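> I'll drop the sequence and a predicted model, then ask my questions.
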Amino acid sequence: MCILSRHPIAKVQRLSQDPCHYLWWIAIHQVRKMKEKTLTRLREERLIRIARYKTRLALLLPPQAEQFRNDTAAGN
């Protein structure tokens, strides 16, 4: 299989011999690029959602110092 070869020169030589493999190689790389872009976009969207929910949650919860005082008072 010429596509699985790790050596770039051997890959180009083998791909140039068979146009079907060359088209397959191009299609695989296009899919890989699209996948990377999609995963990057999804990761960025997830980080934005996390930041948004952190701020919303911070508004609902008491500050850390106040929460610590309440916990120690309840323990006594």
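Thanks, I have it.

> low pLDDT regions in the chain?
Scanning the chain with the threshold set as pLDDT under 70 gives 1-18, 65-76.

> Show me the longest helix that occurs in it.
In the chain, taking DSSP state H as the definition, the longest helix is helix 19-60.

> Give the other helices and strands that it contacts.
Applying 3 or more Cβ pairs under 8 Å, 6 or more residues apart in numbering; DSSP states H and E, we find helix 19-60 packed against helix 8-17. Yep, even glycine has a C-beta here, placed from its N, CA and C like the rest.

> Give me the neighbour count for residue 21.
Close neighbours of residue 21, defined as other Cβ atoms under 10 Å, add up to 16.

> So what's the residue count around residue 25?
Burial of residue 25 is recorded as 17 neighbouring residues (other Cβ under 10 Å).

> What of residue 33?
Number of residues near residue 33 (other Cβ under 10 Å) recorded here: 10.

> what sits against it?
Shown in contact with residue 33 (Cβ atoms under 8 Å, 6 or more residues apart in numbering): no residues.

> Would you check how far apart it and residue 39 are?
If you measure residue 33 against residue 39 using Cβ to Cβ, to the nearest Å, the figure is 11 Å.

> try residue 50
Between residue 50 and residue 39 the computed distance is 16 Å (Cβ to Cβ).

> Could you do residue 28 as well?
According to Cβ to Cβ, residue 28 stands 16 Å off from residue 39.

> Check the spacing between residue 19 and residue 26 real quick.
Per Cβ to Cβ, residue 19 is found 10 Å from residue 26.

> Kindly report the same for residue 49.
According to Cβ to Cβ, residue 49 stands 35 Å off from residue 26.

> Now for residue 61, how many residues are close by?
By other Cβ under 10 Å, 9 other residues sit near residue 61.

> now residue 28
Neighbour count for residue 28, taken as other Cβ under 10 Å: 11.

> Pop out the phi and psi values for residue 63.
The phi and psi values for residue 63, taken as degrees, to the nearest 10, are phi -60, psi 160.
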